[in-house]
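> model the structure of this input:
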Amino acid sequence: MPALILIPGLLCDETLWKSQIEGLTSHADVRIADITEQLTISDMAAAVLETAPECFSLAGFSLGSQVALEIMRVANKRVDRLALLSATHGGLPPAVASAIRDAVAALEQGSFDEYLEEVYPSYVAPGRVQDAGLKDIFINMAHAVGVQAGVRQMKALLAITKPFADLEQIFCPALIVGGREDRRISPVDHELLAREIPGSDLVMLEDAGHFTPLEQPDQVTAVLQHWLTT
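Alright, predicted model coming up:
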């Protein structure tokens, strides 16, 4: 059975991928990467590669997508399939980068719960802002990862100052997944990334913001199943 490595996003853990783990275990040996201890994107990529099999499929969400692109930069021959969810071609849009810099300052001053309450609505589609169950998952994941790891991850994201090079050299089957109502990474950003990776497939999900694996779990699992098996 082929190996599939799933890389979570900022302040996320394996809970992010719960539905996908359940839906994909019959198709792959699913493994969840840990990117909470490292200081840079390159160190996160190295940590994933250190424990990865020689060949594997790779899916990364948000911050995890940036780690996935770094893996493709340094070891693309080891990856036989690539999926990027809520991703850019490198780094953060200016408004998001500014918000993340403010978040680092707030978190370093001890305002973790206040930050989570304030930022949650920007991560989900407007129709999910009042979804108490989804909000609990969002907050509980963040607390499980912890504020110190979150600050490290934010600083790693802010250190990406330009697009990843050689995206046109990604030749394995590639999938780009975005939420139509994502207010952090726009559909235009997803379309740009898809154009830069030859032959990649772009799937934009309706009624979803940034957190596609949680907002539309069945749809995300279905598109990942198709990507893995075709």
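
> tell me which residue is most central in this structure.
The centre of the chain sits closest to F61, judged by Cα atoms, centre = their mean, with a distance of 1.4 Å.

> so for that one, what's the pLDDT?
pLDDT for F61: 98.

> how about Q130?
96.

> again with M1
Looking at M1, its pLDDT stands at 84.

> can you check E114 too?
94.

> flag every buried residue along the stretch of helix or strand it belongs to.
Counting by DSSP states H and E, the element that carries E114 is helix 112-123. For helix 112-123, a neighbour-count test (16 or more other Cβ atoms under 10 Å) marks F112, Y115, L116, V119, Y120, Y123 as buried. The way it works is simple: take the backbone N, C-alpha and C, and place the C-beta from them, glycine included.

> please render those as TSV that adds distance to P173 to the earlier fields.
Below are those laid out as TSV (distance: Cβ to Cβ, whole Å):
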residue	distance to P173
F112	39
Y115	37
L116	36
V119	34
Y120	34
Y123	28
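
> if I look at the residue sitting furthest away from the middle of the chain, how far off is V151?
Distance from the C-alpha centroid of the chain, by Cα atoms, centre = their mean, peaks at Q109 (26.3 Å). For Q109, the distance to V151 (Cβ to Cβ, to the nearest Å) stands at 11 Å.

> the chain: strands as residue ranges?
For the chain, the strands defined by DSSP state E occupy 3-7, 29-32, 56-61, 79-85, 174-179, 201-205.

> deepest of these, which one?
Counting by mean count of other Cβ atoms under 10 Å, strand 56-61 has the highest mean neighbour count of these, with a mean of 27.

> quick one: strands adjacent to it?
Strand pairing for strand 56-61, determined by DSSP bridges: strand 3-7 (parallel), strand 79-85 (parallel).

> chain center to that strand, what's the gap?
Its chain's C-alpha centre and that of strand 56-61 lie 9 Å apart, by Cα atoms, centre = their mean, to the nearest Å.

> now do stretch 189-198
Relative to its chain's centre, stretch 189-198 lies at 16 Å (Cα atoms, centre = their mean).

> so which bits of that stretch are buried?
D189, H190, L193, A194, E196, I197.

> ok, now how distant is the residue farthest from the centre of the chain from D189?
Separation of Q109 from D189 (Cβ to Cβ): 30 Å.

> one more: Q219?
Here the criterion is Cβ to Cβ. By it, Q219 lies 20 Å from D189.

> if we can go back for a sec, could I get the strands paired with strand 56-61 as TSV with distance to V147?
Conversion of those to TSV gives the following (distance: least, Cβ to Cβ, whole Å):
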stretch	distance to V147
strand 3-7	20
strand 79-85	24
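
> which intervals of this structure have sub-threshold pLDDT?
Scanning the chain for pLDDT under 70 picks out no residues.

> next, count neighbours for the nearest residue to K155 once chain neighbours are set aside.
Sequence neighbours aside, V104 is the residue nearest to K155 in space, at 6.5 Å (criterion: Cβ to Cβ, 6 or more residues apart in numbering). A count of nearby residues for V104, using other Cβ atoms under 10 Å, gives 17.

> L16: which of the strands paired with strand 56-61 is closest?
Across those, L16 has its closest neighbour in strand 3-7 (8.1 Å, Cβ to Cβ).

> which residues touch that closest one?
If you take Cβ atoms under 8 Å, 6 or more residues apart in numbering as the criterion, strand 3-7 is touched by 14, 17, 20-21, 24, 27-33, 35, 48, 52-53, 55-61, 63-65, 67-68, 228.

> give me that answer again for 6 Å
Strand 3-7 is contacted by residues 17, 28-33, 52-53, 56-60, 64, 67-68 when judged by Cβ atoms under 6 Å, 6 or more residues apart in numbering.
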